[in-house]
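Student: sequence first, then the predicted structure:
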Amino acid sequence: MISQKMEEALNRQINEEFYSAYLYLGLAAYFASQNLSGFHNWLFVQYREELEHAEKLYKYLIERGGQVRLMAIKEPDQNWKGPKDAFEAVLKHERYITGRINELAEVAEKEKDRASLAMLQWFISEQVEEEARAQEILAKLEMVGDHKQGLMMMDRELAQRK
């Protein structure tokens, strides 16, 4: 049986993962409206990945005998000034989620919940990858600057994500 404190923390993280999905869906829609289908694709794949993260936590909580409590999902910002601004938001959000996952691991440590700590190791590793991918795209956008050709090359590259 999972502790009440761990259950509450996991429920909050499920909400954060759904918010992440919602944010990335909004970003995907933004790029679709800008006719940048590769950026749209990359973010739509990210949206689905975030749903999988929420589902992973959801299933884990049920397996441990906890009760899932779904909460309201806040509305994400939808006012981006351009691709660079949008990916600055992505990186900022991924860093925030890394902090939340680290806080979850701290709760698991305090609760002496080895099973949750082991499960959370996957999320800790995943966040390293998430931040690195966002940082790489942002760095490329900074290099491209206002050059439309570079942006189109990036768009083609991001369209390849499956």
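Tutor: In hand now; what should we look at?
Student: do you know how far the spatially most central residue of the chain is from residue 81?
Tutor: What sits nearest the mean C-alpha location of the chain, by Cα atoms, centre = their mean, is residue 20, with 4.7 Å. Distance of residue 20 to residue 81, computed by Cβ to Cβ, to the nearest Å: 21 Å. (C-beta placed from N, C-alpha, C; glycine too.)
Student: before we move on, the earlier item: what does the pLDDT read for the residue nearest to the centre of the chain?
Tutor: Turning to residue 20, the model gives it a pLDDT of 98.
Student: surely residue 5 touches residue 107?
Tutor: Yes: with contact defined as Cβ atoms under 8 Å, residue 5 reaches residue 107; the gap is 6.1 Å.
Student: returning to what we had before: for the residue nearest to the centre of the chain, which residues are in contact?
Tutor: 50, 53, 93, 97 (Cβ atoms under 8 Å, 6 or more residues apart in numbering).
Student: which element, helix or strand, includes it?
Tutor: Following DSSP states H and E, the helix or strand that holds residue 20 is helix 4-33.
Student: circling back: residue 5 and residue 107: who's more crowded?
Tutor: Between residue 5 and residue 107, residue 107 has the larger neighbour count (other Cβ atoms under 10 Å), namely 19 against 13.
Student: helix/strand/coil for the more buried one?
Tutor: The three-state label given to residue 107 by DSSP: H, G, I helix; E, B strand; the rest coil is helix.
Student: dump stretch 25-35 to PDB, keeping only the CA atoms.
Tutor: Provided in PDB are the C-alpha atoms of stretch 25-35 (Å, rounded to 0.1, in the frame of the first residue of the first chain):
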ATOM      1  CA  LEU A  25      -0.700  20.600 -27.800                       C
ATOM      2  CA  GLY A  26      -1.100  24.400 -27.700                       C
ATOM      3  CA  LEU A  27       2.400  24.900 -28.900                       C
ATOM      4  CA  ALA A  28       1.700  22.400 -31.800                       C
ATOM      5  CA  ALA A  29      -1.400  24.400 -32.700                       C
ATOM      6  CA  TYR A  30       0.700  27.600 -32.700                       C
ATOM      7  CA  PHE A  31       3.200  26.200 -35.100                       C
ATOM      8  CA  ALA A  32       0.500  24.800 -37.300                       C
ATOM      9  CA  SER A  33      -0.900  28.300 -37.500                       C
ATOM     10  CA  GLN A  34       2.500  29.500 -38.600                       C
ATOM     11  CA  ASN A  35       2.700  26.900 -41.400                       C
END
